[in-house]
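>>> Quick one, structure for this:
(2 chains)
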2 protein chains.
Amino acid sequence: MKAGFVLEHSVGEARTGTVTTARGSFATPCFMPVGTRGAVRHLDSSDLEALGVEVVLANTYHLMLRPGADMVARLGGIHRFADWSGQVLTDSGGYQIYSLNPQVDDEGAVFKSVYDGSQCRLTPEDAVVQQALIGADITMVLDVCPSAVAETQVLREAVHRTAAWAQRGRNAFLTHESAPQRQCQFGIVQGGTDVALRRESAELTVDVGFDGYAVGGLSVGEERPQMLPALEAATAVLPTDSPRYFMGLGDPLGIVESVARGIDMFDCVLPSRLGRHGTVLSDGGRYNLSAARYAGSDEPLDETFPDSPAGRWSRGYLRHLLAVREPTAARLVTLHNLAWLLRFMDRVRAAVRSSDDSFAELRSCVAETWS
Amino acid sequence: MKAGFVLEHSVGEARTGTVTTARGSFATPCFMPVGTRGAVRHLDSSDLEALGVEVVLANTYHLMLRPGADMVARLGGIHRFADWSGQVLTDSGGYQIYSLNPQVDDEGAVFKSVYDGSQCRLTPEDAVVQQALIGADITMVLDVCPSAVAETQVLREAVHRTAAWAQRGRNAFLTHESAPQRQCQFGIVQGGTDVALRRESAELTVDVGFDGYAVGGLSVGEERPQMLPALEAATAVLPTDSPRYFMGLGDPLGIVESVARGIDMFDCVLPSRLGRHGTVLSDGGRYNLSAARYAGSDEPLDETFPDSPAGRWSRGYLRHLLAVREPTAARLVTLHNLAWLLRFMDRVRAAVRSSDDSFAELRSCVAETWS
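Okay, here's the model as predicted:
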């Protein structure tokens, strides 16, 4: 089914809205935690419910290798598998595969499994079939994802192959026996940091026509002054009545600056990865809980966030658990960071809804704290 | 303060009752989860509350090295440190230290820190001071804990040194500035599997006079036919109006057979250690979730335990998370195992309260499933 997007408020390009899939609706701009192998690290679906998460990511590449997309289907699909009744978005596996130096030709990609070294193959059609078996609400088309700072010729080839695969992936999706009724499908814009290629890629993707549009291959190490013009070149072309998703971005400054350019959806492993290594997101910025000065601290992780799921424990206690490698620490700081970022998204939505001034104030406040 | 023990029902030597400390009361026979470094692995105090845990263990040896007993005190003591308002029992550190080949003389034990190799020292008096800083409700006296199957001469020396240390530890406790008002102190019976030495050790410990009595140095690898007579030799001497604690035992058969011999309190790392390696406790016995036959199973971990905290997920899902080393799996199976064992203790108490026949039936049922 077509993913509906209803615009509610806007301030310049920034907007709040509601995305509707076969499963229901969720509010945007939103942050989607990453549950690569069917669970966010250290968390379960009851934790996500308590956090108020509306959409969670899962990874096609990992699930197709372990336990296998057919096994996820046999166990009732990803929602029953993880006992999660919220929305699920699966990426296509492209990004993971391109980190494995695959052999890519016009047909698809051949790569080795990280689990047992066996040879695997993924085509745009396979990506549709695998994601239909997994059963996510939002699926992604298979794209070609080179380094953001690759040479122009490499980026151009990637854009054109991505466009060809987009058409094949879209055809496979629309002719699949059950996917169009149960799922929606997003296209992916590539083009690295090359503004002209980003525009061309966006046009080619919109020409195919998807239920929503993602910007891929950014926030992969390039500087923000390279990233934002490439993002703008893409969003300028994308239709305003479809959801727009920035893949793999999750830092507060990146989020507000992308919202200011019309992005609705974000995902990132950052809050959980930072969390399990002891880096805390707080209203004052991020800090490393391992620092010696927190050893005797009776303060909570963020005193301006008393409702944090880790709010009842002191920095001193959590730092101790981190220092002696108790997994409880990774869990609690992960919960805090995700709750903090979800609350941050609440503030972003509230600011856009409220007035021009509110969002401008939020942007400058975030820039001050997070630059 | 003296730990009160009020006997409620008994069937032969088996008994239910209530133990009262300065913090409040808890029902026995009880199982106490082990939070070695201030947290049960993968869990926090809100999890223990949800499980209905009444008493949790913490480890003096580990906490005195990291973060240091003085740091625990500075952060408000173990209850505020871990934000846990239930009971805490700290062991004396003796058992951990004896696994490190310490130099032991009449004065105390000298050993190396597992954290940084630095040389540490613990005397019976130090153990009282460290535990007073940590602030547990129930503290343990420092004992000498040789192998359960050590030679008789080694066991005899350990019994006599344990008795001498018991008197010193008791004196230190009773003359401590705050411990007697806030804490109670248990003595420890040693003697390996030698029945005569067990009896002598129990007599010597009772002569000193403690608020409760523990049986140490059993369930450390010896066979059950060696263990139970040694246990009986100790419990025959221990006063019936004080709580009795079997240190380090937590298997269902061991628990019912020890309850049948008058034991009130148990602790063990087993349910959490088994859990994080994928071994599940269930009414049908224990099984390894890693087995291939569970890969496609849509059943919960124990279908006779629908209220398990992991009851909403399938074996297939949890086995997958275990196979791909997601820490969520360790957490959920740990929660299940602890909940299962706590429910098992509910059944033990209910059987003792109910009638002679109920407890006998439970014993034979447990023997059949868990032998």
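>>> show me where the stretch 51-200 of chain A has helices.
Here the stretch 51-200 of chain A has its helices, by DSSP state H, counting those that start in this stretch, at A:60-65, A:69-74, A:77-82, A:94-98, A:124-134, A:152-174, A:179-182, A:195-208.
>>> so what secondary structure elements neighbour the first one?
Read it as helix A:60-65. helix A:69-74, strand A:87-91, helix A:94-98, strand A:119-122, helix A:124-134 (3 or more CB pairs under 8 Å, 6 or more residues apart in numbering or on different chains; DSSP states H and E). The C-beta positions use only the backbone N, C-alpha and C, and glycine is treated the same way.
>>> which intervals of chain A have sub-threshold pLDDT?
Scanning chain A for pLDDT under 70 picks out A:1-2.
>>> Neighbours of A:His336, how many?
A count of neighbours around A:His336, defined by other CB atoms under 10 Å in any protein chain shown, yields 26.
>>> Could I get the contacting residues of it?
Taking CB atoms under 8 Å, 6 or more residues apart in numbering or on different chains, we find A:His336 in contact with A:275, A:280-281, A:301-302, A:305, A:308-311.
>>> Please confirm that it is located within a helix.
Yes - assessed with DSSP: H, G, I helix; E, B strand; the rest coil, A:His336 lies in a helix.
>>> Tell me the spacing between it and chain B.
12 Å (CB to the nearest CB, to the nearest Å).
>>> And A:Gly221, by the same measure?
Taking CB to the nearest CB, one finds A:Gly221 at 26 Å from chain B.
>>> Could you pull up phi and psi at that residue?
A:Gly221 adopts backbone torsions of phi 120, psi -20, taken as degrees, to the nearest 10.
>>> Can you check the distance spanned by stretch A:110-127, start to finish?
13 Å (CA to CA, to the nearest Å).
>>> buried ones in it?
Buried residues in stretch A:110-127, counted by 16 or more other CB atoms under 10 Å in any protein chain shown: A:110-111, A:120, A:122-127.
>>> Could you dump these into CSV with distance to chain B added?
Shown next, in CSV, are the buried residues of stretch A:110-127 (distance: CB to the nearest CB, whole Å):
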residue, distance to chain B
A:Val110, 23
A:Phe111, 18
A:Cys120, 16
A:Leu122, 19
A:Thr123, 25
A:Pro124, 26
A:Glu125, 26
A:Asp126, 21
A:Ala127, 21
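>>> Show me which pair in those residues is furthest apart.
By the measure CB to CB, A:Phe111 and A:Glu125 form the most distant pair in the buried residues of stretch A:110-127, at 16.5 Å.
>>> Would you mind listing what in the stretch 151-300 of chain A touches chain B?
Applying CB under 8 Å from any CB of the partner chain, we find that the stretch 151-300 of chain A lies next to chain B at A:295-296, A:298.
>>> ok, and the most crowded of those residues?
Counting neighbours by other CB under 10 Å, the top entry in these is A:Ala295, with 18 neighbours.
>>> returning to that earlier point: looking at the buried residues of stretch A:110-127, which one is closest to A:His160?
Closest to A:His160, out of all of the buried residues of stretch A:110-127 and judged by CB to CB, is A:Pro124, at 13.7 Å.
>>> Hmm, the closest one is touching A:Val141, no?
Yes - the criterion here is CB atoms under 8 Å, and A:Pro124 meets it with A:Val141 at 6.7 Å.
>>> what is in contact with the two at once?
Common neighbours of A:Pro124 and A:Val141 (criterion: CB under 8 Å, 6+ apart): A:165-166, A:169.
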